[in-house]
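> sharing a model prediction with you, sequence too.
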Amino acid sequence: MEDQFKDDILRPIENDKVLELRDLYLIDWPKYCSAYYHIEMAHTWMTKYNANTKFYSVEGNFDDATLIFITREPGWNATIVYYYTLDETNARLYKGLSKTKRINWNEEICTLKHYRHQLSVAFDLAKELKLHFHYLDTTALWWLPKEKALEFEIKIPDNTFISPLSVEHAKKIHGVWPFKAHRPIEYIENMIKYNNGVGIFDQNDKTLMAWILLNDYGSLAILQTDENYKRRGYAKIVTKALCKKFAENNMDSLSFITLGNTPSETLFEGLGFKIVDYLCWVGMKPSKNKL
């Protein structure tokens with residue numbers, strides 16, 4: 001399979017080199033914290049859980065930390081392409097994406113999670129390859145240093161308990177998730193199986209009342225409270241619990257919050273999170289029409 005791409009502009013990156021590239025994103029912390037944790041998480045899923053993810057450099061050059069990784073998720077037909085670079089001109093990044101034969105631009109492509117300086121790459125690709133956007137969303141990247149999370153005091157209300165999530169909870173979580181149309185239930189199941197997730201439960205009947213997960217980007221995600229248990233502070237409790245768990249493992253916490261999601265913005269600001277950047281989420285499909 002790899003022989004047909006032996007002369008391709010995108011060159012496979014050895015597993016140990018991926019982590020070396022990850023460490024280049026420690027610069028100006030926490031500016032690139034999202035890239036750092038995402039690369040680390042994708043590498044973990046690939047090496048430990050055989051995730052269908054491949055990492056590539058452009059022409060074997062690592063000088064500006066440019067890397068592209070391509071993945072497919074169970075239950076989702078789209079090819080997912082992630083990319084990062086420290087080169088704000090995006091020159092090598094654009095060259096790699098536009099010249100490679102590893103990506104079939106005639107099918108649905110999700111080029112998710114762009115830093116602002118990388119968004120122009122998606123627009124340039126769409127123009128050159130006659131693609132159209134079927135969604136474009138903007139989120140704020142909220143960050144909390146581990147030192148603050150270690151200070152959290154977590155008070156568990158009477159008749160409740162906190163516990164890790166299990167795969168049996170995926171059906172409920174996915175069923176009420178506002179973005180369930182974009183991702184299949186397998187996405188939730190994998191996050192629970194491979195990553196951390198925390199829920200708060202009723203002590204008597206073991207009902208899951210609120211939950212939060214760690215997603216495949218290495219960020220807090222899918223924070224939600226069952227409609228029957230809202231306005232009791234449960235979302236704050238599970239968030240603090242998971243952040244503190246990360247901090248105890250020498251990790252900062254981060255999360256992507258859609259602009260205008262006032263309840264989440266208020267909660268995270270109250271916990272000490274700060275906005276460090278804004279990122280865009282893009283989905284593209286082939287089009288016969290010019291943009």
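Done, it's in.
> skipping adjacent residues, who's closest to the residue nearest the centre of the chain in space?
Nearest to the geometric centre of the chain sits Tyr217, at 2.7 Å (C-alpha atoms, centre = their mean). Of all residues beyond its chain neighbours, the one nearest Tyr217 is His38 (4.7 Å), with distances taken as C-beta to C-beta, 6 or more residues apart in numbering. All C-beta spots, glycine's among them, are computed from the backbone N, C-alpha and C.
> which of the helices or strands spans that neighbour?
Per DSSP states H and E, His38 falls inside helix 33-49.
> what lies in contact with that helix?
Outside helix 33-49, the residues within contact range by C-beta atoms under 8 Å, 6 or more residues apart in numbering are 15, 18-19, 21-23, 25-26, 51, 53-55, 67, 69, 71, 82, 84, 113, 115, 141, 143, 190, 193-195, 216-219, 251-252, 254, 256, 276-277, 279.
> for the stretch 151-291 of the chain, which segments count as helices?
170-176, 185-194, 234-248, 262-270 (DSSP state H, counting those that start in this stretch).
> helices or strands up against the second one?
Pointing back at helix 185-194 there. Judged by 3 or more C-beta pairs under 8 Å, 6 or more residues apart in numbering; DSSP states H and E, the packing partners of helix 185-194 are helix 33-49, helix 170-176, strand 208-214, strand 220-225.
> ok, what's across the strand from the residue nearest to Leu136 when sequence neighbours are not counted?
Using C-beta to C-beta, 6+ apart and skipping residues adjacent in sequence, the residue nearest Leu136 is Val282, 5.5 Å away. Counting by DSSP bridges, Val282 forms beta bridges with Thr111, Leu136.
> circling back to that earlier point, how close does the residue nearest to Tyr217 get to Lys155?
Per C-beta to C-beta, to the nearest Å, His38 is found 32 Å from Lys155.
> looking at those two, which one has more neighbours?
The neighbour comparison of His38 against Lys155 (other C-beta atoms under 10 Å) goes to His38, with 24 against 7.
> next one, pLDDT for the more buried one please.
Confidence at His38, expressed as pLDDT, is 96.
> and the gap between it and Phe55?
12 Å.
> not counting sequence-adjacent ones, nearest residue to the residue of the chain most remote from its centre?
Within the chain, the residue lying farthest from the chain centre (C-alpha atoms, centre = their mean) is Asn204, at 34.6 Å. Closest residue to Asn204 apart from its sequence neighbours, by C-beta to C-beta, 6+ apart: Asn159 at 6.5 Å.
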